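In: Take a look and give me a structure for this.
(chains A, B, C and D)
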Protein chains: 2
Amino acid sequence: MGILNPKKELEKEAIVAGLLKEKGLSITAPRKLILSLLMKEHGPFSAEEILKKLPKNSCDQATVYRCLNQFVEVQLVNTSFLEKDMAHFEYNDPHHHHHHIICKICKKIESFHDCLMEKIELGLQKKGYRDIQHRLEIFAVCENCAKG
Amino acid sequence: MGILNPKKELEKEAIVAGLLKEKGLSITAPRKLILSLLMKEHGPFSAEEILKKLPKNSCDQATVYRCLNQFVEVQLVNTSFLEKDMAHFEYNDPHHHHHHIICKICKKIESFHDCLMEKIELGLQKKGYRDIQHRLEIFAVCENCAKG
DNA sequence: TACTTTTTGCAAGCGACTTGCATTAATATT
DNA sequence: AATATTAATGCAAGTCGCTTGCAAAAAGTA
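Out: Reported below is the predicted structural model:
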């Protein structure tokens, strides 16, 4: 794909570099690789999956974790804990806000773009989902900490 | 408290034992201790916190984890991943459905009993919370797996 | 280009959680 | 109620996702 259309690839590179700069991160090979991977493929992916998807020996496991944590900090990436014991990461596209539903048995992950509990659960039941549970967690800075 | 009102304590014991039986779990000392702790105090608590709250040497770390996982399986307890790297556990009281908000900085956890995104975020802003993010995860059995 | 700062790779380390196994306790059976 | 059977517990060792210290390399800066 990059070979077939080098112009477009260069544009994408520029976008990725721009995002990194915007967030105050220096532009390095691993950071570009990881971020463009996450922007191209729709996760959520575990760190291990990301490492496997990168070109062989292009970057170390430790670097993957370090980059992902930095991306989360600057809100380029969202974390979720769909599976116990393992974080999943996904590019945070503000224009495509969505949530995940993971099958308790086969662990298949799907996304949906709606955001209202009752509506969601009814819709999912009609789709054939059973035994639906949800978890909503909110992260914020409290009044006290916002002052300090 | 148990000493002051032994009758009420016995009643509570019976409730806890009843819940365990209802869920097909045998009634053991550690299970009774952990479940009644979670029913009495409102978490969410980490496994470590639970272990510390139990009477000294009343049960092993491994047992705490084993019990908690069983409780989650039978839906007596809910898990949340408010902090990366550490699960939190809480008694699943169907009459007091609620969610959690954790401060990004001081990690203070509060619960709220409302359940509508926009309403929630507006209300929290008025309460002084800033930089609000939320995470909603849904767990269910998909059509395929429900068949099998 | 030379200097300073940050990032990376590697390997060792950490910590939450799990597991194998012998012992002990809970349920089922008689 | 006593015994047999099955399951749960404690202990210690192990696993695994993730982090970190440090020297080398690459980015940013002048």
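
In: biggest helix in chain A, by residue count?
Out: Counting residues, the longest helix in chain A under DSSP state H turns out to be helix A:6-22.

In: hmm, that one touching DNA strand C?
Out: No. Helix A:6-22 stays clear of DNA strand C (C-beta under 7 Å from any atom of the strand), getting no nearer than 9.3 Å. To be clear about C-beta, it is placed using only N, CA and C from the backbone, and glycine gets the same treatment.

In: most centrally placed residue in chain A?
Out: By C-alpha atoms, centre = their mean, chain A has its centre lying nearest to A:E90, at 0.7 Å.

In: List the strands paired with the host helix or strand of that residue, with their directions.
Out: Per DSSP states H and E: A:E90 is located in strand A:86-91. Strands that pair with strand A:86-91, judged by DSSP bridges, come out as strand A:45-46 (antiparallel), strand A:77-83 (antiparallel).

In: hmm, back to that, could you identify the helix or strand that succeeds the longest helix of chain A?
Out: Scanning forward in sequence from helix A:6-22 by DSSP H and E, the next helix or strand is helix A:29-40.

In: Would you mark the buried spots in that following helix?
Out: A:R31, A:K32, A:L33, A:I34, A:L35, A:S36, A:L37, A:L38, A:M39 (16 or more other C-beta atoms under 10 Å in any protein chain shown).

In: What residues does chain A have near DNA strand C?
Out: A:25-26, A:28-31, A:57-63, A:66-67, A:84-85.

In: Name only those of those that count as buried.
Out: With neighbours counted by 16+ other C-beta under 10 Å, the residues of chain A next to DNA strand C contain buried members at A:L25, A:R31, A:C59, A:T63, A:C67.

In: Spatially, which two of these are the most separated?
Out: The span of those, defined through C-beta to C-beta, is set by A:L25 and A:C59 at 15.0 Å.

In: follow-up on the earlier one: what's the least confident stretch among the strands paired with strand A:86-91?
Out: Lowest mean pLDDT within these: strand A:77-83, a mean of 89.

In: any idea how far that one is from the chain center?
Out: Distance of strand A:77-83 from the chain centroid (C-alpha atoms, centre = their mean, to the nearest Å) equals 7 Å.

In: repeat for stretch A:58-72
Out: So, by C-alpha atoms, centre = their mean, the centroid of stretch A:58-72 is 13 Å from its chain's centroid.

In: ok, residues contacting it?
Out: Outside stretch A:58-72, the residues that touch it by C-beta atoms under 8 Å, 6 or more residues apart in numbering or on different chains are A:25, A:29-31, A:33-35, A:38, A:47, A:50-51, A:54, A:77-79, A:89.

In: Now flag whichever of those is closest to A:H100.
Out: Nearest member of the contacts of stretch A:58-72 to A:H100, counting by C-beta to C-beta, is A:N78, at 9.9 Å.

In: Next up, the contacts around that closest one.
Out: Counting by C-beta under 8 Å, 6+ apart, A:N78 touches A:P44, A:V72, A:F89, A:E90, A:Y91, A:N92, B:R135.

In: Ok, A:E83 next?
Out: Residues in contact with A:E83, defined by C-beta under 8 Å, 6+ apart, are A:S46, A:I102, A:K107.

In: does the closest residue to DNA strand D within chain A sit in a helix, a strand or a coil?
Out: Nearest to DNA strand D in chain A, going by C-beta to the nearest atom of the strand, is A:A62, at a distance of 3.1 Å. Here A:A62 is helix, with the state taken from DSSP: H, G, I helix; E, B strand; the rest coil.

In: Nearest to DNA strand C: which residue in chain A?
Out: The minimum distance from chain A to DNA strand C, using C-beta to the nearest atom of the strand, falls at A:T63 (3.0 Å).
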